[in-house]
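Chemist: need a structure here:
(one chain, ligands or ions: 2)
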Amino acid sequence: MSTVQQITVLGATGSIGLSTLDVIARHPERYAVFALSGFSRLAELETLCVQHRPRYVVVPDAAAAHALQGSLRAAALPTGVLVGEEGLCAVAAHGEVDCVMAAIVGAAGLRPTLAAVQAGKKVLLANKEALVMSGALFMQAVHESGATLLPIDSEHNAIFQCLPGDYGRGLQAVGVRRVLLTASGGPFRETPLAELERVTPEQACAHPNWSMGRKISVDSASMMNKGLELIEACWLFDARPEQIEVVIHRQSVIHSLVDYVDGSVLAQLGNPDMRTPIAHALAWPQRIDSGVSPLDLFAIGRLDFERPDEQRFPCLRLAREAAQAGGSAPAMLNAANEVAVDAFLQRRIRFSDIARMIEFVLNAESARAVEALDAVFEADRRARALAGEWLARH
Ligand code: NDP
Ligand code: MG
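Modeler: Numbering: from 1, shown residues only. Ligands and ions are numbered 1, 2, ... in the order given. Sure thing, here's the model as predicted:
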């Protein structure tokens, strides 16, 4: 490929956004930054504009736009400032953009990610919540637009690497028996159950292997992250929930495995650094340097595996049930979890209340059919209202 690819990074100020910019900066002959977005870390966003000189930058509101415009002008940067969801969708779907990194956290990323998909872009999907919420509609949009969807989540990127190119024919057709989704088990894998009532946001965010944003760190501690990933895998690889088995592998060296009918099991390994899946997806089907150091198997020494304990991690069970129920259930699970994690981070509820609140929301109504995006946002709104009721009562 001779031309420089124009990249939009949605959620540039976050953990995935910064790792993406690190990989991009290693290959100026291949990639240029077309647009960046941020939300609350606006000083960091300004620094990123100076470093990467994007054509556009997107901020949440007019006040932020005004402040950033002033400093960009003072620095003589040619960057245009756009605002809000409309701005995010515009830079995701812009005619000159080749590739979009979808790395906004949570439901806020759904419309911009879908805008990139509908415009037929190469979409690097980190924002798993978008796919969990709108699964069937999202995948339908991918097929209709001809967008290239590449998973950034390390597990899904690993599965993608272990599947044959024609896996779209169906897992059974390509000889897959099951997919093994690995999980580190997070910081509370061995914490006595009674102590889980008292763990703090700081403890929950101190992941043993990965450095990530706060929301996904709490999701990893509760294993809701693995639950969301189970749903994500069902949509990405057209799998049924029972074809996916979660395996706790505390070293986070094997990023997932595919088990074939002939007894072959293929795995993808690497140091736990998101620049590997990011570089893989950016360059796919080629390979580029990511800056990640080579895996030292002798230093690692051993790889351990265990079955997840659903009593310790009820969120995993709740997510599997939502996956089986389908329809509006995954969107409600996701929204209830977002409210619960936020409340936990603000110290309004205990860690073990996260699962209680989600279970309350899911039990409040049975799954409804989701035929259009409006129904997804409606389910998201209902779940947030129900979660609010639970909060008010506790
Ligand atoms: P961070 O919290 O580090 O970053 C989130 C990004 O989204 C930031 O740029 C943030 O802006 C922006 N943002 C937050 N809220 C809004 C909003 N309402 N509207 C627009 N933008 C918003 O998260 P991560 O980078 O860790 O995760 C991003 C996504 O990638 C998540 O969906 C996560 O599940 C997924 N992922 C992350 C992995 C990781 O290793 N970090 C691994 C696998 C998946 P600002 O910071 O300026 O407020
Ligand atoms: Mg993951």
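Chemist: need the contact list for the nearest residue to Ala364 once chain neighbours are set aside.
Modeler: In space, and not counting its chain neighbours, Ala364 is closest to Leu386: 5.1 Å by C-beta to C-beta, 6 or more residues apart in numbering. (Each C-beta comes from the backbone N, C-alpha and C, glycine too.) Contacts were defined as C-beta atoms under 8 Å, 6 or more residues apart in numbering; by that measure Leu386 touches 336, 360-361, 364.
Chemist: How far does whichever strand or helix holds Leu386 sit from its chain's centre?
Modeler: Here Leu386 sits within helix 373-393, counting by DSSP states H and E. On the basis of C-alpha atoms, centre = their mean, to the nearest Å, helix 373-393 sits 21 Å off its chain's mean C-alpha point.
Chemist: is that helix anywhere near ligand 1?
Modeler: No - with C-beta under 6 Å from any ligand atom as the criterion, ligand 1 is not reached by helix 373-393; the gap is at least 13.0 Å.
Chemist: quick one, strands of the chain?
Modeler: Ranges of strands in the chain, per DSSP state E, are 5-10, 31-37, 56-59, 80-83, 99-102, 122-125, 148-151, 176-183, 244-248, 254-260, 265-269.
Chemist: how near is the residue nearest to Ala364 to Val376?
Modeler: Note on Leu386: its distance to Val376, by C-beta to C-beta, to the nearest Å, is 16 Å.
Chemist: In space, what's closest to the residue in the stretch 151-300 of the chain positioned nearest to ligand 2 - neighbours in sequence excluded?
Modeler: Relative to ligand 2, the nearest point of the stretch 151-300 of the chain is Asp153 (4.1 Å; C-beta to the ion). The shortest distance from Asp153 to any non-neighbouring residue, by C-beta to C-beta, 6+ apart, is to Lys128 (5.7 Å).
Chemist: so what's the residue of the chain found nearest ligand 1 up against?
Modeler: Closest residue of the chain to ligand 1, C-beta to the nearest ligand atom: Gly14 (2.0 Å). Gly14 makes contact with 103-105, 213 under the criterion C-beta under 8 Å, 6+ apart.
Chemist: How is the protein divided into domains?
Modeler: Domain segmentation of the chain under automatic domain parsing yields 5-151, 154-270+297-316, 326-394.
Chemist: right, so of these, which gets closest to Leu282?
Modeler: Closest to Leu282 of these is domain 5-151 (C-beta to C-beta; 6.2 Å).
Chemist: That closest one spans what distance, first to last residue?
Modeler: Start-to-end span of domain 5-151 (C-alpha to C-alpha, to the nearest Å) is 19 Å.
Chemist: Could you do stretch 139-157 as well?
Modeler: Using C-alpha to C-alpha, the end-to-end distance of stretch 139-157 comes to 17 Å.
Chemist: What average pLDDT does that stretch get?
Modeler: Taken as a whole, stretch 139-157 has a mean pLDDT of 98.
Chemist: can you pull the pLDDT of the most far-flung residue of the chain relative to its centre?
Modeler: Computed with C-alpha atoms, centre = their mean, the residue of the chain farthest from its C-alpha average is Ala74, at 35.4 Å. On the pLDDT scale, Ala74 is placed at 93.
Chemist: swap in the one 5 residues further on?
Modeler: Reading off the per-residue confidence, Thr79 sits at a pLDDT of 97.
Chemist: before we move on, what about Val123?
Modeler: pLDDT for Val123: 99.
Chemist: list the contacts for the closest residue to Pro277 other than its chain neighbours?
Modeler: Nearest non-adjacent residue to Pro277, counting by C-beta to C-beta, 6+ apart: Asn157, 3.6 Å away. If a contact means C-beta under 8 Å, 6+ apart, then Asn157 has 150-151, 255, 268, 276-277, 280-281 as its contacts.
Chemist: and with 10 Å instead?
Modeler: Going by C-beta atoms under 10 Å, 6 or more residues apart in numbering, Asn157 touches 124-126, 150-151, 255-256, 268, 270, 274, 276-278, 280-281, 284.
Chemist: cool, Asn225 as well?
Modeler: Taking C-beta under 10 Å, 6+ apart as the contact definition, Asn225 lies against 128, 153, 155, 183-184, 186, 207, 212, 215-219, 232, 315-316, 319, 337.
Chemist: switch the cut-off to 7 Å
Modeler: 216, 219 (C-beta atoms under 7 Å, 6 or more residues apart in numbering).
Chemist: Pull up the per-residue confidence for it.
Modeler: 98.
Chemist: Check Gly186 too.
Modeler: In this prediction Gly186 is given a pLDDT of 95.
Chemist: tally of neighbours for it?
Modeler: Neighbours of Gly186 under the rule other C-beta atoms under 10 Å: 25.
Chemist: quick one: the residue nearest to Ile159 when sequence neighbours are not counted from Ala126, how far?
Modeler: The shortest distance from Ile159 to any non-neighbouring residue, by C-beta to C-beta, 6+ apart, is to Ser256 (4.9 Å). Distance, Ser256 to Ala126, by C-beta to C-beta: 16 Å.
Chemist: So between these two, which is more surrounded?
Modeler: Taking neighbours as other C-beta under 10 Å, Ser256 and Ala126 compare with Ala126 leading, 31 against 27.
Chemist: now, the most widely separated pair of the contacts of Asn157?
Modeler: Farthest pair in these, by C-beta to C-beta: Leu125 and Gly270, 18.9 Å.
Chemist: and these two? which has more neighbours close in?
Modeler: A side-by-side neighbour count of Leu125 and Gly270, using other C-beta under 10 Å, places Leu125 first with 27 against 22.
Chemist: Looking at strand pairing, list the partners for the more buried one.
Modeler: Per DSSP bridges, the residues bridged to Leu125 are Ala102, Pro151.
Chemist: so who does it touch?
Modeler: Shown in contact with Leu125 (C-beta under 7 Å, 6+ apart): 102, 131, 149-152.
Chemist: go again using 10 Å as the cut-off
Modeler: Going by C-beta under 10 Å, 6+ apart, Leu125 touches 100-103, 109, 113, 116-117, 131, 138, 142, 149-153, 156-157, 232, 236, 281.
Chemist: List the residues that contact Leu72.
Modeler: Residues counted as contacts of Leu72 (C-beta under 10 Å, 6+ apart) are 46, 49-50, 57, 78-81.
Chemist: what about it, distance to Ile16?
Modeler: From Leu72 to Ile16 the distance is 24 Å (C-beta to C-beta).
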